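Asks: The sequence isn't on hand, but the structure is:
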């Protein structure tokens, strides 16, 4: 039996021949070749090559202008108030008046620019004298206001709003740091069977009387443009320092109308809104305007 000779490890295996020793010295690899279009690395002792200019029309991502508003998610109506029909009557100005009260507190404590310090706010008061030269300084400075339901005489109520009941608001007996407010409402009792009738007074006494007057006037003229039509708008020259009358009628299918008188006298500003059912009350525009003006005179006469 013959034995297969074992290869000599010093001679390698098979036809490959003897194993080659590894070369000595430095390896033959180096830095990777630059990518196409890339500048070669600088040689030691040589200035780096200039950076190629960016092609026109290709702005850097860091120089992009951030949009002023981010796009809203959802459908086209996302983030937009619904166009539901008005859920309150035309005389429901109390909601607007509450928002105005919040805004005018800032005006009263800041002098009208919305900015004030804590010390300025703490020193503000309804009886504080108006600043010299301000519109409020031209008239009286009122410091005493009766209860809300006493702003209009009982005899006047019996004549212009018979059968109504007065309800004071949560603001009526509250004297804030910056102003005094009254917001009573006279309305026909529910289930009385009579035509709808509502009269509300929104009164504020404080250092921002002029600002409040302008706000109330703008509200009466523009707040419900899409829901009613203005049929009369004129100044009243014999009531307080300045006064304005607005009469508006609801658009179909509503059938209410409202006469609003806006008044400023010194540091007091207020509105009287007289709302009635056009079809059932038997009242016309002139009667409603006369009623609102009569009530406004009573309010002014009650202030001291």
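Replies: Everything's here; your move. If you're wondering where the values come from, they're calculated on a predicted model, not measured in any experiment. Numbering: from 1, shown residues only.
Asks: how about the strands in the stretch 151-300 of the chain?
Replies: Secondary structure of the stretch 151-300 of the chain (DSSP state E, counting those that start in this stretch): strands located at 164-167, 180-182, 185-188, 197-205, 228-236, 242-250, 256-265, 268-277.
Asks: so which of those gets nearest residue 149?
Replies: strand 164-167 (4.0 Å; Cβ to Cβ). C-beta here means a position set from N, CA and C on the backbone, and glycine is covered the same way.
Asks: Pairing partners for the closest one, with directions?
Replies: strand 185-188 (antiparallel) (DSSP bridges).
Asks: Need the contact partners of the partner strand.
Replies: 94, 152, 157, 161, 163-167, 169, 194-201 (Cβ atoms under 8 Å, 6 or more residues apart in numbering).
Asks: Chain neighbours aside, what residue packs nearest to residue 280?
Replies: Spatial nearest neighbour of residue 280, excluding adjacent residues (Cβ to Cβ, 6 or more residues apart in numbering): residue 195 at 3.8 Å.
Asks: that older thread, save the strands of the stretch 151-300 of the chain as JSON lines, and put in mean neighbour count, distance to residue 283 and mean pLDDT too.
Replies: Shown next, in JSON lines, are the strands of the stretch 151-300 of the chain (neighbours: other Cβ atoms under 10 Å; distance: least, Cβ to Cβ, whole Å; pLDDT from 0 to 100):
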{"stretch": "strand 164-167", "mean neighbour count": "16", "distance to residue 283": "13", "mean pLDDT": "95"}
{"stretch": "strand 180-182", "mean neighbour count": "26", "distance to residue 283": "25", "mean pLDDT": "93"}
{"stretch": "strand 185-188", "mean neighbour count": "21", "distance to residue 283": "13", "mean pLDDT": "96"}
{"stretch": "strand 197-205", "mean neighbour count": "26", "distance to residue 283": "8", "mean pLDDT": "97"}
{"stretch": "strand 228-236", "mean neighbour count": "14", "distance to residue 283": "14", "mean pLDDT": "97"}
{"stretch": "strand 242-250", "mean neighbour count": "21", "distance to residue 283": "12", "mean pLDDT": "98"}
{"stretch": "strand 256-265", "mean neighbour count": "26", "distance to residue 283": "8", "mean pLDDT": "98"}
{"stretch": "strand 268-277", "mean neighbour count": "27", "distance to residue 283": "5", "mean pLDDT": "98"}
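Asks: okay, now residue 241: neighbour count?
Replies: When neighbours are defined as other Cβ atoms under 10 Å, residue 241 has 18 of them.
Asks: Tell me the spacing between it and residue 264.
Replies: From residue 241 over to residue 264 the distance is 5 Å, taken as Cβ to Cβ, to the nearest Å.
Asks: cool, residue 246 as well?
Replies: 15 Å.
Asks: what does residue 170 give?
Replies: 24 Å.
Asks: same question, residue 298
Replies: According to Cβ to Cβ, residue 298 and residue 264 sit 16 Å apart.
Asks: likewise residue 277?
Replies: 30 Å.
Asks: what does residue 289 give?
Replies: Residue 289 is 19 Å from residue 264, by Cβ to Cβ.
Asks: I'm done for today, thanks for sticking with me.
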